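Visitor: need a 3D model of the sequence below.
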Amino acid sequence: MSTTTVHTSADADQAPAPAPARPTRRRGELGLLGTLASHGILTLASLIALFPIAWLVYLSLGPDKDDYLHPGRIWGKMTFDNYSFVLTETNFFDWLKSSLVVSLGTTCIGVIIAATTGYAVSRMRFPGYRKFMWVLLVTQMFPIAVLIVPMYQILSELQLIDTYLGLILVYCSTAVPYCAWLLKGYFDTIPFEIDEAGRVDGLSPFGTFLRLILPLARPGLAVAAFYSFITAFGEVAFATTFLLDDEKYTFAVGLQSFVSEHDAQRNLMAATAVLVAIPVSAFFYLVQKNLVTGLTAGGTKG
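Guide: This is a model prediction of the structure:
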């Protein structure tokens, strides 16, 4: 004999409700404490990075050259006279012109040479291509003090001393090896089938490189351009040695005019440094969308 149990609606109402499902944390996802800690660390790192810039701007508003010794006194006498003096009483715009000519020239020539070099090593297998890349890397190991004398002799023989072209070529000797390595790694991430498709369509190797590969390599080119620009814009030793005319001084050399053996106008130096940062920041803004992509993609393959 069997029995059948009948559940009434009252029994159903008295049944305990199922416990709500606990949210599961995804792998790598931080909890509340971890999120607060990471945001706190990032905020602290941002403040540390921004403090020198804010301090420089603050010192540039001090009217006296010795205000940096007593920074607390600047707050009550802030002025923009340092900026007006730099813009009207110095060769600021000559320095700006020279810096832009040299930096943009280095960027254009350096990126073109580095791109063709990186593409050739990435796609073509010629005798000694590995040794060639190592030679480019070895050139970065020599200190500037060792390179100045032979470079000066070479530029003197070519009559390029105190010329923009001479300084651009010197900077390219520094920027091209690194950028060639960077772009070689980026070109390695572009499928070789794209080159084959270009050949099938009748493009020459240079046409394939120009019309198909370069548009895909814009993030890597942006990183190379930014590095070349910064290398030329802020360099001091080569510019001081190879430029003799005051009207051809770059910003890095022009800043030294505020410092003499017995005097140092640090308030004017601070104001000039703030103004110098404007074109660099503008150039960074133009290429910043591609910087992270280019750096990470270029480092995936060697």
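Visitor: quick one: the strands in the stretch 201-302 of the chain, in order.
Guide: Shown for the stretch 201-302 of the chain, no strands are assigned by DSSP state E, counting those that start in this stretch.
Visitor: low-confidence ranges, it, go.
Guide: Within the stretch 201-302 of the chain, the segments meeting pLDDT under 70 span 289-302.
Visitor: what ranges does it have for its helices?
Guide: For the stretch 201-302 of the chain, the helices defined by DSSP state H, counting those that start in this stretch occupy 205-208, 214-216, 218-233, 237-242, 251-254, 266-298.
Visitor: tell me how far the second one lies from the chain's centre.
Guide: Put plainly, it is helix 214-216. Taking CA atoms, centre = their mean, to the nearest Å, one finds helix 214-216 lying 20 Å from the centre of the chain it belongs to.
Visitor: that older thread, may I see the helices of the stretch 201-302 of the chain organised as TSV, with mean neighbour count and distance to Lys131 added?
Guide: C-beta here means a position set from N, CA and C on the backbone, and glycine is covered the same way. Formatted as TSV, these follow (neighbours: other CB atoms under 10 Å; distance: least, CB to CB, whole Å):
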stretch	mean neighbour count	distance to Lys131
helix 205-208	14	22
helix 214-216	13	26
helix 218-233	23	22
helix 237-242	20	27
helix 251-254	22	35
helix 266-298	17	21
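Visitor: Met133: which of these is closest?
Guide: When the helices of the stretch 201-302 of the chain are compared by CB to CB, helix 266-298 sits nearest Met133, at 14.1 Å.
Visitor: re the thing from before, tell me which of the helices of the stretch 201-302 of the chain lies nearest to Gly105.
Guide: The nearest among the helices of the stretch 201-302 of the chain, by CB to CB, is helix 218-233 at 7.8 Å.
Visitor: what lies in contact with the closest one?
Guide: Here helix 218-233 makes contact (CB atoms under 8 Å, 6 or more residues apart in numbering) with 99, 102-107, 110-111, 114-115, 167-168, 171-172, 174-175, 178-179, 182-183, 186-187, 214, 250-252, 279-280, 283-284, 287, 289-291, 293-295, 297-298.
Visitor: for the helices of the stretch 201-302 of the chain, give me CSV that also has distance to Tyr152.
Guide: Output for the helices of the stretch 201-302 of the chain, formatted as CSV (distance: least, CB to CB, whole Å):
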stretch, distance to Tyr152
helix 205-208, 36
helix 214-216, 35
helix 218-233, 18
helix 237-242, 6
helix 251-254, 16
helix 266-298, 26
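Visitor: closest to Ile53 out of the ones you listed?
Guide: helix 266-298 (7.7 Å).
Visitor: contact partners for Met124?
Guide: Applying CB under 8 Å, 6+ apart to Met124 gives no contacts.
Visitor: how about it, phi and psi?
Guide: With angles defined as degrees, to the nearest 10, Met124 sits at phi -110, psi 140.
Visitor: so how far is Val146 from it?
Guide: Distance from Met124 to Val146, counting by CB to CB, to the nearest Å: 32 Å.
Visitor: got it, and Leu36?
Guide: With CB to CB as the criterion, Leu36 and Val146 are 50 Å apart.
Visitor: and what of Leu104?
Guide: From Leu104 to Val146 the distance is 28 Å (CB to CB).
Visitor: these two: which is more packed in?
Guide: Set Leu104 next to Val146 and count neighbours by other CB atoms under 10 Å: Leu104 wins out with 17 against 10.
Visitor: spatially nearest residue to the more buried one (excluding sequence neighbours)?
Guide: Phe229 (7.4 Å; CB to CB, 6 or more residues apart in numbering).
Visitor: measure that neighbour to Arg73 for me?
Guide: 37 Å.
Visitor: how many residues are close by Ser257?
Guide: When neighbours are defined as other CB under 10 Å, Ser257 has 16 of them.
Visitor: which non-adjacent residue is nearest it?
Guide: Per CB to CB, 6+ apart, closest to Ser257 is Thr90, 7.4 Å.
Visitor: just the pLDDT at the one you found, thanks.
Guide: Thr90 is assigned a pLDDT of 88 by the prediction.
Visitor: what does Ala54 give?
Guide: Predicted confidence (pLDDT) for Ala54: 90.
Visitor: okay, buried residues for the strand or helix carrying it please.
Guide: Using DSSP states H and E, Ala54 falls within helix 32-60. Within helix 32-60, the residues scored as buried using 16 or more other CB atoms under 10 Å are 58-60.
Visitor: again with stretch 186-193
Guide: With burial defined by 16+ other CB under 10 Å, the residues of stretch 186-193 counted as buried are 186-190.
Visitor: what do you get for stretch 135-149?
Guide: Buried residues in stretch 135-149, counted by 16+ other CB under 10 Å: 136, 147-148.
Visitor: those into CSV, with extra columns for secondary structure?
Guide: Below are the buried residues of stretch 135-149 laid out as CSV (DSSP: H, G, I helix; E, B strand; the rest coil):
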residue, secondary structure
Leu136, helix
Leu147, helix
Ile148, helix
